[in-house]
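K.L.:
One predicted model, sequence on top.
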Amino acid sequence: MSTEAIHALVLAGGSSSRMRRDKASLKYRGQTQLDRTVELAKRHVAQVFVSVRATQTLDPTRAQYPMIVDSVEGQGPIVGIRSALAAHPKAAWLVLACDLPFLSDAAIEALLQARDPKTLATAYTSAHDGLPEPLCAIWEPAAAPVLADYQHGGGECPRKFLIRHGARLLKPVDPRALDNVNTPEEYADATAALEKSAPMQLRIQYYALMREQAGRSEETLETSAATPADLYTELAARYGFTLSREQLKVAVNSEFSDWSRKLAANDAVVFIPPVAGG
Amino acid sequence: MSFRFTQAAIDTDGARRELQDLGSGGYVSFEGWVRDHNEGQEVTRLEYEAFQELAVKEGARIVAEALLRYPVKHALCIHRVGSLQLGDMAVWVGVSSPHRGEAFDACRFIIDEVKHRVPIWKKEHYRSGDSGWVNCERCAAEPHHSHAEHRHRTT
């Protein structure tokens, strides 16, 4: 393990040429993509930096965050990743593109859990073509010299780099989590989809076996789960609950509930394993 | 409150006094104790845990149902939570009534329903060093069980 922890790097140095607007400033539910991504990363790692080009350091969207300015020559996201690895040579980097509006806490958490520090990187495979996704990935310190050689040899594509040099790969839990948004049409679709399934904050309390398996007695989380049934599916995948939903009851706001009830923001949910009073 | 929890030993004398009524000719109570064995395992101690906000509501509903079903005067149920030793009292039910028959029936109804419906869980610690949540660990291995099939297990 490295002596420094994992930092996060949000890539916001792209030219957004197909979008014809700065992708970092695009708003989803009233919040810029950059703010959303930084906030998401902050829930999982202590230090979050924004990767920028030298010409972007005064941009107000970006300047509110600690920045890592490109310090190596070249094109594309490899420059940002290499600059971060150079700035903190002992740290691993959770690298996140700034055009993933569906990226979720669950996706970040699963990636961090799957991390193998002995590899050059830990990355998701694409739900579309099975190839590694380098821009929602953990890059290890050991990748720095290999990336430098790759770039000096004319390489520019971090995906091809991961294919050539290998990485710990995992399948995304939610295939949509890594859908990126490159064009105005994709942006329109993504904002519409997000409005429809607005994630909300829920409070979950865990008791008995559920508490032991979740490793906590309560948590507040943001989820798009529409019903307690969806929520249980999501949390069972995260915590590996051994009980099937058919064995449980569920309570919402301290009253027994149907599994198909529509959840509302700030609902308090409790999964009730088979009881054994008396 | 007709159903409540306590961290400390159940005060049965005090609870019994709450049921006293000059119109009642008798009183029936049930005490559930921590037993030293369960399903072939030697038990050394127990932990009870409850989702109290819902449990007190469901417990009160059970007592109210008992008072509707049976012509009894008063009923009360008190359940322990926390760590219990062998022989400790885990649950107490008391019913006072003009006549004894209904008091027995109502008392039996309350303890049976509490065991099936109220969100209380029991972790057994065994002589072997092992431990397990009663009704949970086994159904994890046999996912076809349901709540209903556990209805007839007893303390």
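P.N.:
All right, it came through fine. Note that this is a predicted model, so its numbers are computed, not measured.
K.L.:
Identify each buried residue in stretch A:27-39, please.
P.N.:
Residues A:Y28, A:T32, A:Q33, A:L34, A:D35, A:R36, A:T37, A:V38 are the ones in stretch A:27-39 that count as buried (16 or more other Cβ atoms under 10 Å in any protein chain shown). For the C-beta atoms, the positions are set from N, CA and C on the backbone; glycine is no exception.
K.L.:
Isn't the fourth one up against A:D59?
P.N.:
No - between A:L34 and A:D59 there is no contact under Cβ atoms under 8 Å: 9.8 Å.
K.L.:
Spell out the secondary structure type for the residue positioned nearest the centre of chain A.
P.N.:
Nearest to the geometric centre of chain A sits A:I108, at 3.7 Å (Cα atoms, centre = their mean). Here A:I108 takes the helix state, with states given by DSSP: H, G, I helix; E, B strand; the rest coil.
K.L.:
Provide a list of residues in contact with the closest residue in space to it that isn't next to it in sequence.
P.N.:
Excluding its sequence neighbours, the residue lying closest to A:I108 (Cβ to Cβ, 6 or more residues apart in numbering or on different chains) is A:H44, at 4.9 Å. Applying Cβ atoms under 8 Å, 6 or more residues apart in numbering or on different chains to A:H44 gives the contacts A:A8, A:L94, A:D105, A:I108, A:E109, A:L112.
K.L.:
which stretch of helix or strand covers A:H44?
P.N.:
For A:H44, there is no host helix or strand (DSSP states H and E).
K.L.:
Against A:A214, how distant is it?
P.N.:
To A:A214, A:H44 is 17 Å away according to Cβ to Cβ, to the nearest Å.
K.L.:
try B:L22
P.N.:
B:L22 is 52 Å from A:A214, where distance means Cβ to Cβ.
K.L.:
Looking at the two, which has the bigger crowd around it?
P.N.:
Neighbours were counted for B:L22 and for A:A214 using other Cβ atoms under 10 Å in any protein chain shown; A:A214 has more, 21 against 6.
K.L.:
okay, now A:D258: neighbour count?
P.N.:
That count, for A:D258 with other Cβ under 10 Å as the rule, works out to 11.
K.L.:
What parts of the stretch 101-250 of chain A come near chain B?
P.N.:
A:Q205, A:Y207, A:A208, A:L209, A:R211, A:T242, A:L243, A:S244, A:E246, A:Q247, A:K249 (Cβ under 8 Å from any Cβ of the partner chain).
K.L.:
Repeat the analysis, applying 6 Å as the threshold.
P.N.:
A:Y207, A:A208, A:L209, A:T242, A:L243, A:S244, A:Q247 (Cβ under 6 Å from any Cβ of the partner chain).
K.L.:
Run through the strands of the stretch 101-250 of chain A in chain order.
P.N.:
A:121-125, A:132-139, A:168-170, A:200-205, A:218-223, A:249-252 (DSSP state E, counting those that start in this stretch).
K.L.:
Including mean neighbour count, could these go into TSV?
P.N.:
Formatted as TSV, those follow (neighbours: other Cβ atoms under 10 Å in any protein chain shown):
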stretch	mean neighbour count
strand A:121-125	23
strand A:132-139	25
strand A:168-170	19
strand A:200-205	17
strand A:218-223	15
strand A:249-252	20
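K.L.:
So which of the ones you listed is nearest B:D88?
P.N.:
Closest approach to B:D88 among the strands of the stretch 101-250 of chain A (Cβ to Cβ): strand A:200-205, 26.4 Å.
K.L.:
quick one, what contacts B:D88?
P.N.:
B:V34 (Cβ atoms under 6 Å, 6 or more residues apart in numbering or on different chains).
K.L.:
What's the separation between it and chain A?
P.N.:
13 Å (Cβ to the nearest Cβ, to the nearest Å).
K.L.:
now swap in B:L76 and tell me
P.N.:
For B:L76 relative to chain A (Cβ to the nearest Cβ), the value is 15 Å.
K.L.:
mind listing what that residue touches?
P.N.:
Counting by Cβ under 6 Å, 6+ apart, B:L76 touches B:S2, B:A15, B:E18, B:G94.
K.L.:
Buried subset of those residues as a PyMOL selection?
P.N.:
Selection of the buried residues among the contacts of B:L76 in PyMOL, burial being defined by 16+ other Cβ under 10 Å:
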select buried, chain B and resi 2+15+94
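K.L.:
In contact with A:R62, which residues are there?
P.N.:
Going by Cβ under 6 Å, 6+ apart, A:R62 touches A:A12, A:V50, A:V52, A:Q56.
K.L.:
quick one, what contacts the last one?
P.N.:
The reference is to A:Q56. Listed by Cβ under 6 Å, 6+ apart, the contact set of A:Q56 reads A:R62.
K.L.:
Swap in 8 Å and give it another go.
P.N.:
Taking Cβ under 8 Å, 6+ apart as the criterion, A:Q56 is in contact with A:A12, A:G13, A:R62.
K.L.:
Who does residue 31 form a beta bridge with?
P.N.:
Went with chain A since none was named. Beta-bridge pairing of A:Q31 under DSSP bridges involves A:Y28.
K.L.:
please go with chain B instead
P.N.:
Applying DSSP bridges to B:E31 yields these beta-bridge partners: B:W92.
K.L.:
Was I right to think it contacts B:T12?
P.N.:
Yes - B:E31 lies in contact with B:T12 (Cβ under 8 Å); the separation is 7.4 Å.
K.L.:
Name the residues contacting each of those two.
P.N.:
With Cβ under 8 Å, 6+ apart, B:E31 and B:T12 have common neighbours B:M89, B:W92.
K.L.:
center of chain B, which residue is that?
P.N.:
B:V91 (4.5 Å).
K.L.:
Leaving out sequence neighbours, find the closest residue to it.
P.N.:
Per Cβ to Cβ, 6+ apart, closest to B:V91 is B:G32, 4.0 Å.
K.L.:
returning to what we had before: give me the pLDDT for the residue nearest to the centre of chain B.
P.N.:
We have a pLDDT of 98 for B:V91.
K.L.:
Now do it against A:L147, distance only.
P.N.:
Plainly put, B:V91 is 65 Å away from A:L147 if you go by Cβ to Cβ.
K.L.:
now B:G101: how far from chain A?
P.N.:
Distance, B:G101 to chain A, by Cβ to the nearest Cβ: 23 Å.
K.L.:
number of nearby residues for that residue?
P.N.:
13.
K.L.:
what about A:F102, how many neighbours?
P.N.:
Residues lying near A:F102 (other Cβ under 10 Å) number 20.
K.L.:
ok, and the closest non-adjacent residue to residue 94?
P.N.:
You didn't say which chain, so I picked chain A. Once flanking residues are discounted, A:L94 sits nearest to A:A8: 4.4 Å by Cβ to Cβ, 6+ apart.
K.L.:
try chain B instead
P.N.:
B:S29 (4.3 Å).
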